[in-house]
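Participant: Below is the sequence, then the predicted model.
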Amino acid sequence: MSGLGYGYKVGHWTDPEGRSGCTVILMPAGNVTSCDIRGSSPSSRELEHLHPDRKMTEVHAIVLTGASAFGLAAADGVMGWLAERGIGYQTPAGVVPIVPAAVVFDTGAFIEPARPTPEAGRAACDDAVEDGAASGRVGAGAATTVGKWAGREHAAPGGVGFGRASHEDTAVSALAVVNAVGDVLEEDGSVLAGTQAPHAGYVPMRPAEELGTNTVLALLVTEARLDKRDVRYLAARGSDGITIAVRPAHTRYDGDVVFASAVGGKGAVADLDLLGQLATKAVADAVRNAVRPE
């Protein structure tokens, strides 16, 4: 799988030397989007709009970016790209695109030429496709690593991955950018990427200054008739996918954020509990696929 479907388009910009990058998701009209923040060290933009108590339901793009808070500049370029095409909320002053963004903390934070800029955000928009998007060490996943809980010497490459889970006519797709403190685990609990030393349960981690740079970001999407509170519930179930695929997950040194979005949907309201189970599996699969050797 190399896309999200349902009208969501994914594009990347990658630093030529692979030291950082950004990933943009262009959202279909009429989407309902929210998010779940599970990590203790997030860096973000416009996430408050996604709270179920806020009236805004539709967003126009989502930016996932490297270079920590520096990378949030890429969202400026995405806003400009959308506004030039008349995409956004219509206001008396003109079109205002809503572009939530969240970051991973990679090596680009320390190398100014590698930091995603507004021009990088525009390039990612130009690259966006509904099917056939690149995965692996590209975009926001270009310089990511996992398995740093026991020291940087045990780190393994992270990346961008896609996942999908379905049951009969109901399906959820997911994209993940994986840069975790923890190891990525297979379904049987074995280490897929990270330290290969056997361990069970909690193992005391190295001091914070030795843990490197971190965070898992994800977006899950589905075609269903849902309100914003329901979508927020799906985002939380998507975070459960990180919990089962990464060990340890959601540490004080991670800024994990999961976005969820629903579009379309005809007939009866979807089974939210079924969608929640599929969301967990889709995100877990996306996390694992991000680190699988190609």
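Facilitator: Perfect, I can see it now. These numbers were taken from a predicted model, which means no experiment stands behind them.
Participant: mind listing the strands in the stretch 151-294 of the chain by residue range?
Facilitator: Counting by DSSP state E, counting those that start in this stretch, the stretch 151-294 of the chain has strands at residues 156-157, 159-167, 170-179, 183-185, 191-193, 215-223, 246-247, 257-263.
Participant: Now mean neighbour count and mean pLDDT too, for these, in CSV please.
Facilitator: Bear in mind the C-beta positions are built from the backbone N, C-alpha and C, glycine included. Shown next, in CSV, are the strands of the stretch 151-294 of the chain (neighbours: other Cβ atoms under 10 Å; pLDDT from 0 to 100):
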stretch, mean neighbour count, mean pLDDT
strand 156-157, 17, 93
strand 159-167, 22, 97
strand 170-179, 28, 97
strand 183-185, 25, 94
strand 191-193, 22, 91
strand 215-223, 30, 97
strand 246-247, 26, 92
strand 257-263, 28, 97
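Participant: what would those look like in JSON lines with distance to residue 106?
Facilitator: Converted to JSON lines, the strands of the stretch 151-294 of the chain look like this (distance: least, Cβ to Cβ, whole Å):
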{"stretch": "strand 156-157", "distance to residue 106": "11"}
{"stretch": "strand 159-167", "distance to residue 106": "11"}
{"stretch": "strand 170-179", "distance to residue 106": "6"}
{"stretch": "strand 183-185", "distance to residue 106": "16"}
{"stretch": "strand 191-193", "distance to residue 106": "16"}
{"stretch": "strand 215-223", "distance to residue 106": "9"}
{"stretch": "strand 246-247", "distance to residue 106": "17"}
{"stretch": "strand 257-263", "distance to residue 106": "15"}
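Participant: Show me the one of those strands that comes nearest residue 271.
Facilitator: With Cβ to Cβ, the closest approach to residue 271 among the strands of the stretch 151-294 of the chain belongs to strand 170-179: 6.9 Å.
Participant: Alpha carbons of the closest one, in PDB - could you do that?
Facilitator: Output of strand 170-179 as PDB, limited to C-alpha atoms (Å, rounded to 0.1, in the frame of the first residue of the first chain):
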ATOM      1  CA  THR A 170     -15.500  -0.900   6.600                       C
ATOM      2  CA  ALA A 171     -11.900   0.100   6.400                       C
ATOM      3  CA  VAL A 172      -9.300   2.500   7.900                       C
ATOM      4  CA  SER A 173      -6.100   3.600   6.300                       C
ATOM      5  CA  ALA A 174      -3.100   5.100   8.200                       C
ATOM      6  CA  LEU A 175       0.200   6.900   7.600                       C
ATOM      7  CA  ALA A 176       2.900   7.000  10.300                       C
ATOM      8  CA  VAL A 177       6.200   8.800  10.700                       C
ATOM      9  CA  VAL A 178       8.200   6.800  13.200                       C
ATOM     10  CA  ASN A 179      11.000   8.300  15.300                       C
END
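Participant: Show me the one of the strands of the stretch 151-294 of the chain that comes nearest residue 10.
Facilitator: Between residue 10 and these, the tightest spacing by Cβ to Cβ is seen for strand 170-179, at 6.4 Å.
Participant: what helices or strands is that closest one leaning on?
Facilitator: For strand 170-179, the packing partners by 3 or more Cβ pairs under 8 Å, 6 or more residues apart in numbering; DSSP states H and E come out as strand 21-26, strand 145-146, strand 159-167, strand 215-223, helix 228-245, helix 272-291.
Participant: Tell me how far the third one lies from the chain's centre.
Facilitator: It refers to strand 159-167. 12 Å (Cα atoms, centre = their mean, to the nearest Å).
Participant: What angle do strand 170-179 and that strand make with each other?
Facilitator: 160 degrees (axes from the mean of the first three to the mean of the last three Cα atoms, to 10 degrees).
Participant: got the contact list for strand 159-167?
Facilitator: Here strand 159-167 makes contact (Cβ atoms under 8 Å, 6 or more residues apart in numbering) with 1-4, 12, 23, 133-141, 144, 171-178, 274, 277-279, 281-292.
Participant: Narrow the residues you listed to those that are buried.
Facilitator: Among the contacts of strand 159-167, those scoring as buried are 1, 3-4, 12, 23, 133-141, 144, 171-178, 277-279, 281-291 (criterion: 16 or more other Cβ atoms under 10 Å).
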